[in-house]
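**Student:** Fold the following.
(4 chains)
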Protein chains: 4
Amino acid sequence: MIPRYTRPEMAAIWEPEQRFRIWFEIEAHACDAQAELGVIPKAAAKEVWKKGKWKVDRIDEIERETKHDVIAFLTNLAEYVGPAARFVHQGMTSSDVLDTCLNVQLVRAADLLIAGTDRVLAALKDRAFEFKLLPTIGRSHGIHAEPTTFGLKLAGFHAEFQRARKRLVAAREEVATCAISGAVGTFANVDPFVEEWVAKKLGLQPEPVSTQVIPRDRHAAYFAHLAVVASSIERLATEIRHLQRSEVMEAEEFFSPGQKGSSAMPHKRNPVLTENLTGLARLVRSAVVPALENVALWHERDISHSSVERGIGPDATIHLDFALHRLAGVVEKLVVYPDNMMKNLDRFGGLVHSQRILLALTQAGLSREDSYRLVQKHALKIWQHGGDFLQALLAEKEVTAKIKPKQLTALFDLGYHLKHVDTIFVRVFGKEGVIPKAKKAKKAAPKKKAAQKSKPKKR
Amino acid sequence: MIPRYTRPEMAAIWEPEQRFRIWFEIEAHACDAQAELGVIPKAAAKEVWKKGKWKVDRIDEIERETKHDVIAFLTNLAEYVGPAARFVHQGMTSSDVLDTCLNVQLVRAADLLIAGTDRVLAALKDRAFEFKLLPTIGRSHGIHAEPTTFGLKLAGFHAEFQRARKRLVAAREEVATCAISGAVGTFANVDPFVEEWVAKKLGLQPEPVSTQVIPRDRHAAYFAHLAVVASSIERLATEIRHLQRSEVMEAEEFFSPGQKGSSAMPHKRNPVLTENLTGLARLVRSAVVPALENVALWHERDISHSSVERGIGPDATIHLDFALHRLAGVVEKLVVYPDNMMKNLDRFGGLVHSQRILLALTQAGLSREDSYRLVQKHALKIWQHGGDFLQALLAEKEVTAKIKPKQLTALFDLGYHLKHVDTIFVRVFGKEGVIPKAKKAKKAAPKKKAAQKSKPKKR
Amino acid sequence: MIPRYTRPEMAAIWEPEQRFRIWFEIEAHACDAQAELGVIPKAAAKEVWKKGKWKVDRIDEIERETKHDVIAFLTNLAEYVGPAARFVHQGMTSSDVLDTCLNVQLVRAADLLIAGTDRVLAALKDRAFEFKLLPTIGRSHGIHAEPTTFGLKLAGFHAEFQRARKRLVAAREEVATCAISGAVGTFANVDPFVEEWVAKKLGLQPEPVSTQVIPRDRHAAYFAHLAVVASSIERLATEIRHLQRSEVMEAEEFFSPGQKGSSAMPHKRNPVLTENLTGLARLVRSAVVPALENVALWHERDISHSSVERGIGPDATIHLDFALHRLAGVVEKLVVYPDNMMKNLDRFGGLVHSQRILLALTQAGLSREDSYRLVQKHALKIWQHGGDFLQALLAEKEVTAKIKPKQLTALFDLGYHLKHVDTIFVRVFGKEGVIPKAKKAKKAAPKKKAAQKSKPKKR
Amino acid sequence: MIPRYTRPEMAAIWEPEQRFRIWFEIEAHACDAQAELGVIPKAAAKEVWKKGKWKVDRIDEIERETKHDVIAFLTNLAEYVGPAARFVHQGMTSSDVLDTCLNVQLVRAADLLIAGTDRVLAALKDRAFEFKLLPTIGRSHGIHAEPTTFGLKLAGFHAEFQRARKRLVAAREEVATCAISGAVGTFANVDPFVEEWVAKKLGLQPEPVSTQVIPRDRHAAYFAHLAVVASSIERLATEIRHLQRSEVMEAEEFFSPGQKGSSAMPHKRNPVLTENLTGLARLVRSAVVPALENVALWHERDISHSSVERGIGPDATIHLDFALHRLAGVVEKLVVYPDNMMKNLDRFGGLVHSQRILLALTQAGLSREDSYRLVQKHALKIWQHGGDFLQALLAEKEVTAKIKPKQLTALFDLGYHLKHVDTIFVRVFGKEGVIPKAKKAKKAAPKKKAAQKSKPKKR
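**Tutor:** The predicted structure is shown next:
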């Protein structure tokens, strides 16, 4: 856990106070269940709920002596509960408390992560609709390919974060289990009813087979899901870092007034937030391998997983949580430069239409080979030395013999590339994806005199 | 792909012949769709299906020249299809074919992996019921804890492989998508109808937003799921390796007549299959990190993922497939030594009952501290110097003052630990988990004169 | 950083106070160099050394405003230094300070790690000589193979930790560099003399080419070295965990009086320290992948490495440092059970000598095939049903026809396996490896009546 | 191993024929040693060398029967050697052959990797000198920072690949060991002299302590070294991918005549080789984690490492070897666009000099705060709306009050940033780094009329 990459809500889940609270709830619910079964007096269970308290410092003090955290907690609890304390923890082992508690923490962490993803989704949706029809160059291999829209880029990320959300829901489900099954999981000293009761109270499912521990394939899957989400964050962060490059400058992280990009170079505004997200993604991902190595515990359990989880449990959830909110902020406030997008799109004199010309020549009866040769001849010239692709083609008799100038000009229409934006938006956002015609028309054409800089919404 | 860890069924999915077949089907289905749309003549589409052929050698020959695999394939295909070939691949890009094909391959691989897991599940179930009530020592930290049954161990693994199966189903679903959307995914030159048509024919879903490529978070999730399954294999393999240790010898990999354990030491029979599975698990897991690193492609695509997938695609699926079948074979033929289990269980003179005695003393009115002290005193003596725990307790007045000898003896009943085996079996196997009383009674007591070695079933 | 796995010496390196001290030293040394060059007044440099101070709280306060840690530090420093402060940091960039500081920290961390390894080496050497000739069974595949000595086991680990030490020295060397080269590493605003001066003062080498940052392949190599060391720790930890298994019980972690193995099962003593080391090894190793991913920064630098290093820098060094000392403690106090080793060695009636018999029969003229068949026949019988291998062979005419009973008995001599212990000890420990004859003789034979438990030395 | 990423020289090392040849040499050298010792007849050893042969097919055939590769080889060898064959492999175990052979293979692989690195180094040096004084913009965070030279960029990579070379030398040394020590490494049945002899003949060192296996920390270190080298490849590949971006276009992979960038978009030339290198780096790195997991083998050995090494041994070395040569080719033939570099450098109207102006104003007596404010005011205006920084400053009275126009103009001299190029070149290349004045002068100024495209040298 690195303080500067930590949101207090997530950190709270992992703090001792919260952990002991969960321990207490597990023990107190178990008392209720045992009372239901008649194993302990109902009055005792009530007493536990009523008088149950603990103090982190005192527990630490006892642990220094006993070197056993659960015993230290129970001892401190007994100091408050009094005689009824002897009915607490009956037939249970420490792992029943520890493993169930860890899963409660991971479930709550997943809930926060899902909420963080929802914020990212909302921001992406908002901006996707804002820029639904803003043309921009699509790039493969970092090289200009064909036009797309900035809204489509964002819609694609929205679809990816919808999957991220599903992964977090799946991660949550994996670990939403409870084990109160005794030393090797046989329920020899505690009735399965207790496990079922506590599970229900905590919103968990009983673990079908626990062997003192809850099986760690669940936790491995949990951290693997988080890692994939982290990689999606990296992809969006990388996109923004690329767009902010000096030579591209199509979008930029919001730069607050007074912020300093560089102490030495006053002109600099760096994409430091998305670079930071790239690093955080690496950190979150680093939990996967140790989590996988934690699965093959020996026999009914060994405790090698414990130190690993003390690290990756808080670290991976805290850093991912922070990253999701940082990312949401970046998207919400992203400064977009439509004019620069158009400038880049036009950079190579209309070369982005080369495929369409190629197809048109073929359809007009030229062989594919001849078409390719013709188009490439002019394309490479313009790529290297500049010029206007349309003018070059208009001056090429082999081309105009097949396609009339007016038709040729028409082939350079950007709208051709945008005709299925609605289709894709409906796939991503459902019916909402389609904006009523009137509204759409208004937005369709990038205004020539529009302010270079689209102001981010106030938030 | 390592030949000796390869089953032909899985290898076939990744062979050139199969890849070209899938390419062909994608192209031919796309022709049908284009014909439906009226973009190409229906007769042309039929011609493609009818005459479509290819030869791997010829494709290789063309690729050496063009350095482009899809073009090489299309050229060779055209040599068979004739004039109608010019209607093939219209408006599509190579990635439409390549990415859809990869997903078809991954889906088919997942199907084989699910089948492999089913074989493991069947074997585990079979043996779990066979040994449902066979008592064996449960171990935490490698140290004897309390009794469980060998069937419970196997039931726990069955529950884990049920989760493994779910993971593989989820993995399959992740990548069961199809993209035919053109150069940057805008459908500029190909109607979305074509994608929908081909997807349906191939049993896939259209990818909501592709950007020349199908987004790689899907593939990262796929390989992450496989990695978790590999770790579950490692856990079961490790269990068996432990059980086969010379000093434990509770179970053993089947050793075929004539097999040689060691050329130098004729007495050796080594758990080489499960050691091999441990290594294979490491190999399968090694696909996770590069798959995660593949997610953040630049802009609409870069091709860095491709070389990675040429490696991990076949490798991870082939090795996991092999591992599942090797594991199933190991479980099916596992040689179990009930007498050794009982010998080990009794090894420490009944110490495994120490917790129960502790609880009984507490319930009989002794303080927890005094009970612990009393039990530990005798327990440690026997742990270190041998002896019989029951006899020691019977001779201890502080104990017999609280618990009568007859009662004390009764506390050493193994049945106490087995009373919830049915509960757990029902959790894992459903109603089937409970064997009718009569049958159960017959199996309950481990027969003293049973053959040392339980013969594996013939298969 | 997990507090319970943290030694204060290592933690101190990573604390803000220490970081600021290093920053100060870098700045103050740079002032000296600039003064030498005549770029700033010598008096100013003296003033910096004399008045230079800072307060962590105040720096934090300023950083909350400026969002720039180095500027915050310099501002606070200026509050103490006064007017001369304007000569501080001249021509330098923040990274000059940050990267050089990180390397100083990593170098100091490496020094502590080397010291920790030295403690492990000392413990291993001590115990290796203590048990140099204590026979114990060697195991391959977890199966009894042939005799070795416990000292040889430990000598093997000593050799491995000698390599670990070399790796840490190499890791230290990798990062012992200094960069003071300006915004993109051209020395445009700062003379290379400053870098050379500061490097020398801090015991570093000038980084040949820095590009605002010190290249991260160095740090990747650093963490990779640490990861290999962590794996060696895991190997030794795993060995001890195996030896402490209930059925093996050849060695055991020291169990302090009053320590509780299990609250529920008073007889238990678990190898929790070595299990913990196994987990810590996983944590330390998890730094490798993100460190490798940090290498490919964009152009002259991006800042994605920074968040990663804020995590893995302290975490990997702190956990490895803790692990080395925990391991040293385990080895120093390891409780060894020679009688159990002998019991295990004899467990299979002398089968461990099967290879030697095989060789002897071959040398006596029997074909290799016949020898193998003969030996295996008796070996497998004893493996499965018990018995004494020597007696069985003495009763086998095919054997005694070739080898006389007296010779046969002589072949069961343990000494045969120990004859090269000295050779190996000399390889590992140099001349010291050989103990003078007299002393050796005294130790050679495991005393039959020796106390079961070898007391660990007082420390 | 992926055929298209495989060079035959490296593949040969891993082919069965080569492996059996190494086995033969180990066995034959061991016979010589045994003959020297008088353990076997000298004539027998000669016979082995003279008649020794094998056939891969025949070995496979025998292995199908015996399921033991070393026995199969020895059997086939015996078919050629005749009666003397019974003296082969005396006192050795299979692992002696297998582990020594693996190390021979890894050493030979390292030699090829070192040679590949040498080719990369030569190419980098060549091009570094070619572009030693070619100015280009340095970028931090993807944002223009200050000028550097293209030669400096390449020199920095040269320094990194010098370190890569050292890593490969270290990797080679790690695994250049030989073990012929018998079943558990005690030399019970084979004299250490044999190991020493064979080691010497094969150019290896005797492994100080082997325990049937050569310890796997060595191999983990080997693959870790390779992984760091792979990351350095990724860094250089990433640099080139960035430089080839449509908007940057400062350098480009060589595009052979006739090559097709895209079947659909004739204008495209994609950095596919460096993207491929990025993916290959991921593949090579993926060997690290399983190699680390291979270290903690159980007791004297388990065989879990074997399947892992059958995968990563060939894969990591073959892919890295291919990557090094592909990278060398890319650097050798890299097409560099000096005019575009200059265009980009000038893109923001001289803003790259902002730091120098800032310093000059401060030195001229303005406070740092005022200087920063002044410079930033003009810098941000030009950054956003274009313009010429020098002209803007010349028109700013607050500036000209402090710095005379002539001086101000002089501050925009590129040479200021290049003055330490020689210093850095000497650090990287030694004395050779400095080109005699005359020659340098000729190269210093980028010729205005130079061909846009610097032709790659013929090779």
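**Student:** For chain A, name the helix or strand with the lowest mean pLDDT.
**Tutor:** Averaged element by element with mean pLDDT, DSSP states H and E, chain A has its least confident helix or strand at helix A:437-444 (a mean of 48).
**Student:** Helix or strand next in line after the helix ranked longest in chain A, which one?
**Tutor:** Taking DSSP state H as the criterion, chain A has its longest helix at helix A:94-130. The first helix or strand that comes after helix A:94-130 along the chain, using DSSP states H and E, is strand A:135-140.
**Student:** pLDDT of the longest helix of chain A, averaged?
**Tutor:** Per-residue pLDDT values over helix A:94-130 give a mean of 98.
**Student:** Now look at that helix and say if it contacts chain C.
**Tutor:** Yes. Using C-beta under 8 Å from any C-beta of the partner chain, helix A:94-130 reaches chain C at A:Ser94. Bear in mind the C-beta positions are built from the backbone N, C-alpha and C, glycine included.
**Student:** buried stuff in that helix?
**Tutor:** For helix A:94-130, a neighbour-count test (16 or more other C-beta atoms under 10 Å in any protein chain shown) marks A:94-110, A:112-114, A:116-117, A:119-121, A:123-125, A:127-130 as buried.
**Student:** How about stretch A:196-216?
**Tutor:** Buried positions in stretch A:196-216, judged by neighbour count with 16+ other C-beta under 10 Å: A:197-199, A:201-202, A:204, A:206-216.
**Student:** Can you give me the end-to-end span of it?
**Tutor:** Distance across stretch A:196-216, first residue to last, is 20 Å (C-alpha to C-alpha, to the nearest Å).
**Student:** Centre of the chain to it, how far?
**Tutor:** 27 Å (C-alpha atoms, centre = their mean, to the nearest Å).
**Student:** Next: stretch A:211-229.
**Tutor:** 17 Å.
**Student:** Any part of it near chain C?
**Tutor:** No. Stretch A:211-229 is not in contact with chain C by C-beta under 8 Å from any C-beta; minimum separation 10.1 Å.
**Student:** how close does the residue lying closest to A:Val70 once chain neighbours are set aside sit to A:Ile26?
**Tutor:** In this structure, A:Val70 finds its nearest non-sequential neighbour in A:Ser94, 4.0 Å apart by C-beta to C-beta, 6 or more residues apart in numbering or on different chains. For A:Ser94, the distance to A:Ile26 equals 11 Å [C-beta to C-beta, to the nearest Å].
**Student:** Now do the buried residues in stretch A:335-351.
**Tutor:** Residues of stretch A:335-351 classed as buried: A:336-342, A:344-345, A:348-351 (neighbour count, 16+ other C-beta under 10 Å).
**Student:** Measure how far that stretch is from the centre of its chain, please.
**Tutor:** 30 Å.
**Student:** Can you classify A:Ser256 by secondary structure?
**Tutor:** Following DSSP: H, G, I helix; E, B strand; the rest coil, the label given to A:Ser256 is coil.
**Student:** So what's the residue count around A:Glu432?
**Tutor:** Here the count is done by other C-beta atoms under 10 Å in any protein chain shown, and A:Glu432 has 11 residues near it.
**Student:** per-residue confidence for it?
**Tutor:** Model confidence at A:Glu432, given as pLDDT, is 88.
**Student:** For the stretch 301-450 of chain A, just list every one of the helices.
**Tutor:** For the stretch 301-450 of chain A, helices defined by DSSP state H, counting those that start in this stretch occupy the ranges A:304-333, A:338-346, A:354-363, A:368-385, A:389-394, A:397-400, A:405-410, A:415-418, A:421-429, A:437-444.
**Student:** right, I mislabeled it, should have said the stretch 151-300 of chain A
**Tutor:** A:192-201, A:217-243, A:272-285, A:288-293.
**Student:** Quick check: which of these is nearest to chain B?
**Tutor:** The minimum distance between chain B and the helices of the stretch 151-300 of chain A falls on helix A:217-243, with 3.6 Å, by C-beta to the nearest C-beta.
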